[in-house]
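J.: any chance you can model this:
(4 chains)
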Protein chains: 2
Amino acid sequence: MEEYELLMTKLLAPTNQQRTAMSITVEAAARPGAKSSLSRLHVPKASDVLADDLRERILRGDFPEGTSLPAERELVAQTSMSRTTVREALRILEVQGLVSIRTGRSGGAFVCRPGKESVASSVGLLIRGRRVRLADLLETREAIEPACARLAAKHRTETDLEVLDRLNDEIVVDDGASLASFLQTNVDWHVAVAIASHNELLSGMMMALSRAIYEATDNQGFVDAAVRETTARAHRSVTKAIREHDGEAAVRRMTRHVHSYAEAVIQVEERTEIQLAEH
Amino acid sequence: MEEYELLMTKLLAPTNQQRTAMSITVEAAARPGAKSSLSRLHVPKASDVLADDLRERILRGDFPEGTSLPAERELVAQTSMSRTTVREALRILEVQGLVSIRTGRSGGAFVCRPGKESVASSVGLLIRGRRVRLADLLETREAIEPACARLAAKHRTETDLEVLDRLNDEIVVDDGASLASFLQTNVDWHVAVAIASHNELLSGMMMALSRAIYEATDNQGFVDAAVRETTARAHRSVTKAIREHDGEAAVRRMTRHVHSYAEAVIQVEERTEIQLAEH
DNA sequence: CCCTATCAAAGGTCAGACCGAATAGCACGA
DNA sequence: TCGTGCTATTCGGTCTGACCTTTGATAGGG
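T.: Okay, the predicted model is just below:
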């Protein structure tokens, strides 16, 4: 319960009340010749300071995963900041995926490892915010997915293979089913390959990418039965290479698969543009 | 000044006071047989609702980049939420890189496109939080950087080439200089290649990756004069291929470069481990 | 022994106040 | 006319203290 005090005798000893001293008179003498020194130093907010400090402690492992940070009112006492400020800091950490906050008795901010989710969401924001073109998304996938396939062929476990097989089956069963179902299974398969690479970075990126491509590809009605059949066959062939630890074949087939998919999407995109232009 | 009201007559009309209605009596009759219905529905926080709404508006383009959201007190009036809640919502958007908040008169939350920075920072969190091994970082780089080189060869502009050339010169000039300086220039070059690919996603990922590799490689004293010389030569040769629009050569040389770098790092790592084990 | 009613702990929200920062606007002097 | 410096105003930043809601803990009744 009160084990934190064992971990941290005083949470923010040095940063206690530096806030008053923070407002150093910039360019006090205001000499006109003294340029460039102290350029626009930006005063950090108290909540940022707290958040940075806590983040550092979390990443350093001061708080084991699953345990909770001190309660808000406890932090208030330790940092001599207001509850508002403390809450803002905790909220920042929550947005960054470092803690998850639970309400109720014995609630609090529980430490959790930042996952692929946060990467995926920030990549998603980048894509939406910057209006990244679908072509760029596909280009990026062509760049990194073959590498995933190579690593998957090297590192895959039996469990990975089971997942891939199951998805291969599902995508056939669903052949006549809804478009959304097909696309979802498709995305799952690609993500499964990334996971089979056992490289968390790559799989995190692929997860973000796949989701974005899924959303962008939806409502593009080029996925007919033939495409589904081709996709299913390509997936099986890549899976086979992964199963046989044949990295080069996996790269080759995956490259071919995502490339042809990209070309198909681009074609449909151009056709759609033409149709729109006809009006 | 008051142009927002033109854009949004009423900011959150439907979400005004749904909070009371939100506490629907879960499993009201508490029939023992009625399982699985309404499983653990989690009540969203008011600030999250506001943040989601504002985020959606921003991404949809309701607020042109550079303009500011309504003032906090204005949002309080429009949403009938407390200032605390409004501030939390704005803070969330700031953490996600969608707005930047400025103080002072005519301050406020100014809309800005989420940049590579946010991707880089969340990737950085993933790396630190999950304790991703250096080998995985290098593996990932080997996967995506050759693709960057290929695209750079295709899309590079004269400006890109100038930057690359400058960095090529700097890395030689600094040959006898500090390690940090060399590593920084090295990172800058790799990032410059990524930027030359003109694919914001790829460059964002590479930026995050390079920074992480830089931090992990620092303090590893394997960077002697020979390595610097080799690196500089490799950079020049890749740059040449990029200049000549020779994508295949760029891929080949970049692959070779990052692969040999990775091998060197791994060797040093193993050697260090052995040294540590000798104690 | 199980079930239920109640309590307490912890987060969520609110209202209002005050502070500091940055600027727009204005008056004044060179 | 052009600074130039002062001032008022409008912002965000922080603090306080109160109250509500959720949810686990716990004691009491069947």
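
J.: what residues does chain A put near DNA strand D?
T.: If contact is defined as Cβ under 7 Å from any atom of the strand, the residues of chain A in contact with DNA strand D are A:19, A:45-47, A:80-85, A:88, A:102-107. To be clear about C-beta, it is placed using only N, CA and C from the backbone, and glycine gets the same treatment.

J.: and the buried ones among these, selectable in PyMOL?
T.: Here is the PyMOL command that selects only those of those that count as buried (16 or more other Cβ atoms under 10 Å in any protein chain shown):
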select buried, chain A and resi 45+46+47+81+85+88
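
J.: by mean pLDDT, which helix or strand of chain A comes out lowest?
T.: Within chain A, judged by mean pLDDT, DSSP states H and E, the helix or strand with the poorest mean is helix A:4-7; its value is a mean of 32.

J.: can you tell me how far A:E215 is from A:L134?
T.: Between A:E215 and A:L134 the computed distance is 10 Å (Cβ to Cβ, to the nearest Å).

J.: A:F110 contacts A:T103, correct?
T.: No. Applying Cβ atoms under 8 Å, one finds A:F110 not in contact with A:T103, separated by 11.7 Å.

J.: chain A: strands as residue ranges?
T.: Taking DSSP state E, the strands of chain A run over residues A:99-102, A:108-111.

J.: right, is the last one up against chain B?
T.: So the one you mean is strand A:108-111. No. Legend: contact between strand A:108-111 and chain B by Cβ under 8 Å from any Cβ of the partner chain is lacking; minimum distance shown is 9.7 Å.

J.: which residues touch the residue nearest to the spatial centre of chain A?
T.: Nearest to the mean C-alpha position of chain A, counting by Cα atoms, centre = their mean, stands A:V119 at 1.7 Å. The contact partners of A:V119, taken as Cβ atoms under 8 Å, 6 or more residues apart in numbering or on different chains, are A:204-205, A:207-208, B:119, B:122-123, B:126.

J.: hmm, try it at 10 Å
T.: For A:V119, the contact set (Cβ atoms under 10 Å, 6 or more residues apart in numbering or on different chains) comprises A:97, A:200-201, A:203-205, A:207-208, B:119, B:122-127, B:205, B:208.

J.: which parts of the stretch 51-200 of chain A sit against DNA strand C?
T.: Taking Cβ under 7 Å from any atom of the strand as the criterion, the neighbours of DNA strand C within the stretch 51-200 of chain A are A:71-73, A:83-84, A:87, A:90, A:101-109.

J.: wait, which of those is closest to chain B?
T.: Comparing those against chain B with Cβ to the nearest Cβ places A:T84 closest, at 6.3 Å.

J.: which residues touch that closest one?
T.: With the criterion set at Cβ under 10 Å, 6+ apart, A:T84 makes contact with A:46-47, A:76, B:83-84, B:87-88.

J.: mind running it again at 6 Å?
T.: The contact partners of A:T84, taken as Cβ atoms under 6 Å, 6 or more residues apart in numbering or on different chains, number zero.

J.: how much space between it and B:S80?
T.: Applying Cβ to Cβ, one obtains 19 Å for the distance of A:T84 from B:S80.

J.: next: A:A120.
T.: Applying Cβ to Cβ, one obtains 33 Å for the distance of A:A120 from B:S80.

J.: could you export stretch A:120-129 as CSV, CA atoms only?
T.: Coordinates of the C-alpha atoms in stretch A:120-129 are reproduced here as CSV (Å, rounded to 0.1, in the frame of the first residue of the first chain):
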residue,chain,number,x,y,z
ALA,A,120,-0.3,3.2,-34.3
SER,A,121,-2.5,6.1,-33.2
SER,A,122,0.2,8.7,-33.7
VAL,A,123,1.0,7.3,-37.1
GLY,A,124,-2.7,7.5,-37.8
LEU,A,125,-2.7,11.1,-36.7
LEU,A,126,0.2,11.9,-39.0
ILE,A,127,-1.5,10.2,-41.9
ARG,A,128,-4.8,12.0,-41.4
GLY,A,129,-3.3,15.3,-40.4
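
J.: which residue ranges form the helices in the stretch 151-279 of chain A?
T.: Listed from the start of the chain, the stretch 151-279 of chain A has helices (DSSP state H, counting those that start in this stretch) covering A:158-173, A:179-196, A:200-217, A:225-243, A:247-278.

J.: before we move on, what about the stretch 1-150 of chain A?
T.: For the stretch 1-150 of chain A, helices defined by DSSP H, counting those that start in this stretch occupy the ranges A:4-7, A:19-22, A:46-60, A:72-79, A:83-95, A:116-129, A:134-155.

J.: where does the stretch 51-200 of chain A have low pLDDT?
T.: Judged against pLDDT under 70, the low-scoring parts of the stretch 51-200 of chain A cover residues A:172-177.

J.: closest residue of it to DNA strand D?
T.: Nearest residue of the stretch 51-200 of chain A to DNA strand D, counting by Cβ to the nearest atom of the strand: A:G104, 2.1 Å away.

J.: quick one, phi/psi of that residue?
T.: Backbone geometry at A:G104, expressed as degrees, to the nearest 10, gives phi 90, psi 170.

J.: now do the one 10 residues further on
T.: Listed backbone geometry of A:P114 is phi -70, psi 130, with angles given as degrees, to the nearest 10.

J.: just to check, it is in contact with B:V123?
T.: No. Shown here, A:P114 and B:V123 do not form a contact pair, counting by Cβ atoms under 6 Å, at 9.8 Å.

J.: these two: which has the busier surroundings?
T.: More neighbours sit around B:V123 than around the other of A:P114 and B:V123, counting by other Cβ atoms under 10 Å in any protein chain shown; the figures are 28 against 24.

J.: wait, what's in contact with the residue lying closest to the more buried one once chain neighbours are set aside?
T.: The shortest distance from B:V123 to any residue that is not its chain neighbour, by Cβ to Cβ, 6 or more residues apart in numbering or on different chains, is 3.6 Å, and that residue is B:A208. Applying Cβ under 6 Å, 6+ apart to B:A208 gives the contacts B:119-120, B:123.

J.: now, which of those sits nearest A:L59?
T.: If you rank those by distance to A:L59 using Cβ to Cβ, B:V123 comes first, at 13.8 Å.
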